[in-house]
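K.L.:
Quick one, fold the following:
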Amino acid sequence: MYTEHKLIYADARELGHLKDNSIDLVVTSPPYPMIKMWDNLFTSLNPDIGKSLSKDDYFSSFELMHKELDKVWTELYRVMKNGSFVCINIGDATRTIKDRFQLYANHSRIQTKFFEIGFDVLPVILWRKQTNAPNKFMGSGMLPAGAYVTLEHEYILIFRKGNKRFFTSPDEKLNRMESALFWEERNMWYSDIWEDLKGTKQNTNDKELRQRSAAYPFLLPYRLINMYSVFGDTILDPFLGTGTSTFAAMACGRNSIGYEIDSSFSKSIHNKISGEILGLNNYNLQRINNHIAFVESFGKEENRLKYINEYFGFPVITKQETKMKLVFMEFIEEIQANVYRTKYIDDKHIQNTGIKSLSIDYFQKVNTTQLKIAF
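P.N.:
Predicted structure coming up:
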């Protein structure tokens, strides 16, 4: 099994490299309007934004920034297949204008636009990014009528183009079964509040890139890709940044395309792919370990383990999990400039040797790259 991953350093307001109805899932996190670190980027897209900001006309600035994002959302509707999903990580912004503190609701502005374009607006996930810092409160602290609620969450907005996706042929149905989730993962991941994901620090040594990047944690796109696509699907991230969505697609056995307007990220992404990316196998290994620990506890308490997974040979809770597979990368190669191909370990090897062979020691033997423990 192989997947292909293309990095396109271009403006996502025009997805000219992509054909109509060619994308199965979008997972992305755009620049957040009205967050100061993105002011210069938005101004470079439309100089009127800079003029509006200089006049403290932040309401106009907010709308002008979103109009630039609107161009990307409109292009998404063209390139996406019927029944495909869009998942957008976005946070609201707060800003003080002439001593008046104000919220700028980025999430609702994006939802409104997607509704106008023709997408179905689906229930959202609240990603709660907790902080216990003693100075996290804004305003007058203990005194009434002067403090503000602290924003400790971001949104994962979810949209669908058209009707529900159908899997009709025998091969499509089998692929869907093989792409299944564990029962306990389904119960956690499809909750509307995620509290177990922490923000991420940038691994790049380039200080300027760190200042211009706001990558989400790997597990965020990793979960969404597993939830809303199947093996072999094509994932698009129109705001690729440091490449987190690409790496997640590799680990999940999906193809990917990433757009990034800033080509200076290219070297950083390439270094990750050629050096450390194979350590992402550990995320799938951890899923197996978590499941085995779960069924051991669940079996003792409920005695309901009626099914066996045909691929790995361990117990599962439901019949829908019996054909479930996970993929493990064998190597990644650059087949042309900014295009990478991932080869996965053969299914027969895993079935013949069992899950005990899927260890860090094994991956170190079949790859020249030293793997890092992800957990």
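K.L.:
so where do the helices sit in the stretch 251-375 of the chain?
P.N.:
266-275, 281-302, 347-353, 360-366 (DSSP state H, counting those that start in this stretch).
K.L.:
These: lowest mean pLDDT?
P.N.:
Among the helices of the stretch 251-375 of the chain, helix 360-366 carries the lowest mean pLDDT, a mean of 47.
K.L.:
On the three-state scheme, the spatially most central residue of the chain is what?
P.N.:
By CA atoms, centre = their mean, the mean C-alpha position of the chain lies nearest to Pro221, the distance being 1.9 Å. Judged by DSSP: H, G, I helix; E, B strand; the rest coil, the three-state class of Pro221 is helix.
K.L.:
now swap in the one 3 residues further on and tell me
P.N.:
Using three-state DSSP, the three-state assignment for Leu224 comes out as helix.
K.L.:
heads up, I number from 307, so please use that
P.N.:
Will do, 307 is the new start, and the previous item becomes Leu530.
K.L.:
The closest residue to it other than its chain neighbours is in what secondary structure piece?
P.N.:
What sits nearest to Leu530 in space, not counting adjacent residues and going by CB to CB, 6 or more residues apart in numbering, is Cys393, at 4.6 Å. For glycine as for every other residue, the C-beta is placed from the backbone atoms N, C-alpha and C. In this structure, Cys393 sits in strand 386-396 according to DSSP states H and E.
K.L.:
What residues sit buried inside that strand?
P.N.:
386-387, 390-396 (16 or more other CB atoms under 10 Å).
K.L.:
could you give me the average pLDDT of it?
P.N.:
Confidence over strand 386-396, taken as the mean pLDDT, stands at 98.
K.L.:
How about residues contacting that strand?
P.N.:
Residues outside strand 386-396 that contact it (CB atoms under 8 Å, 6 or more residues apart in numbering) are 327-336, 338, 382, 412-413, 416, 420, 425, 433, 460-472, 522, 526, 530, 534-535.
K.L.:
ok, it: who's next to it in the sheet?
P.N.:
Sheet pairing of strand 386-396 (DSSP bridges) gives strand 329-334 (parallel), strand 459-466 (antiparallel).
K.L.:
Using TSV, lay out the ones you listed together with mean pLDDT, distance to Leu480 and mean neighbour count.
P.N.:
As requested, the strands paired with strand 386-396 are exported to TSV (pLDDT from 0 to 100; distance: least, CB to CB, whole Å; neighbours: other CB atoms under 10 Å):
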stretch	mean pLDDT	distance to Leu480	mean neighbour count
strand 329-334	98	17	25
strand 459-466	97	23	21
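K.L.:
any low-confidence regions in the stretch 307-456 of the chain?
P.N.:
436-447 (pLDDT under 70).
K.L.:
Minimum distance to Lys631: which of the strands paired with strand 386-396 has it?
P.N.:
Proximity to Lys631, assessed across the strands paired with strand 386-396 by CB to CB, is greatest for strand 329-334 (18.0 Å).
K.L.:
Check which element follows that closest one along the chain.
P.N.:
Going down the chain from strand 329-334, the next helix or strand is helix 345-351, by DSSP H and E.
K.L.:
Flag every buried residue along that following helix.
P.N.:
Result for helix 345-351 [16+ other CB under 10 Å]: buried residues 345, 348-349, 351.
K.L.:
Other residues contacting it?
P.N.:
Helix 345-351 is touched from outside by 319, 337, 339, 355-356, 359, 370-371, 374, 518, with contacts defined as CB under 8 Å, 6+ apart.
K.L.:
so how far is it off the chain centroid?
P.N.:
Here the centre of helix 345-351 is set off from its chain's centre by 24 Å, with CA atoms, centre = their mean, to the nearest Å.
K.L.:
Could you do stretch 486-505 as well?
P.N.:
Centroid separation for stretch 486-505 versus its chain: 13 Å, with CA atoms, centre = their mean.
K.L.:
can you check stretch 464-474 too?
P.N.:
Per CA atoms, centre = their mean, the centroid offset for stretch 464-474 relative to its chain is 19 Å.
K.L.:
Quick check: neighbours of whichever strand or helix holds Leu409 in the sheet, parallel or antiparallel?
P.N.:
In the assignment (DSSP H and E), Leu409 maps to strand 406-410. In the sheet, strand 406-410 lines up against strand 399-403 (antiparallel) (DSSP bridges).
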